[in-house]
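Enquirer: Generate a structure from the sequence data that follows.
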Amino acid sequence: MSAFDYRNFDDRRKNSASAKQMLLEKFKARPPADDPEMIAKAEARAAVARAREERAREREAARIAAERQAAEEKRAREEAELAAQIAREEAEALAAAERKAAELAEKKAARDARYAARKAKARR
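Expert: Below is the predicted model:
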């Protein structure tokens, strides 16, 4: 194994120290929090955030209104379908009752005809 290359370690240590120094200088160069420019930027960011939140609330309200409208339309459509189905079933029941009444009348007529034929045969 070769020995450590101290020159590379020293280079890395110096580069690290200089990077830390540059970050510290950058941090110190920032304007203070009570600077009017910083206050104006913060207010602008807050106004943008408020506008964004307002738009989100409006979109949510519009979505809820659309869902409510769709639910109302669906309920009305289902009620209309149910009313149509009830009307069809009532019409079918009425038609079935009329068919049954006609069938009973035919059976009675046939029975009466047989009875009359039997009576006529007995009179001869």
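
Enquirer: in which helix or strand would I find the residue nearest to the spatial centre of the chain?
Expert: Among the residues of the chain, the one closest to the centroid is E67, at 6.7 Å (CA atoms, centre = their mean). Element membership for E67, per DSSP states H and E: helix 36-123.

Enquirer: next one: that helix to chain centre, how far?
Expert: 21 Å (CA atoms, centre = their mean, to the nearest Å).

Enquirer: how close does E92 get to A84?
Expert: With distances taken as CB to CB, to the nearest Å, E92 is found 13 Å from A84. Quick note: C-beta positions are derived from backbone N, CA and C, even for glycine.

Enquirer: So for these two, which residues contact both of them?
Expert: In terms of CB atoms under 8 Å, 6 or more residues apart in numbering, E92 and A84 are not both contacted by any residue.

Enquirer: So, low pLDDT: which residues of this structure?
Expert: Counting by pLDDT under 70, the chain has low-confidence residues at 1-7.

Enquirer: Chain neighbours aside, what residue packs nearest to M38?
Expert: Nearest non-adjacent residue to M38, counting by CB to CB, 6 or more residues apart in numbering: P31, 5.5 Å away.
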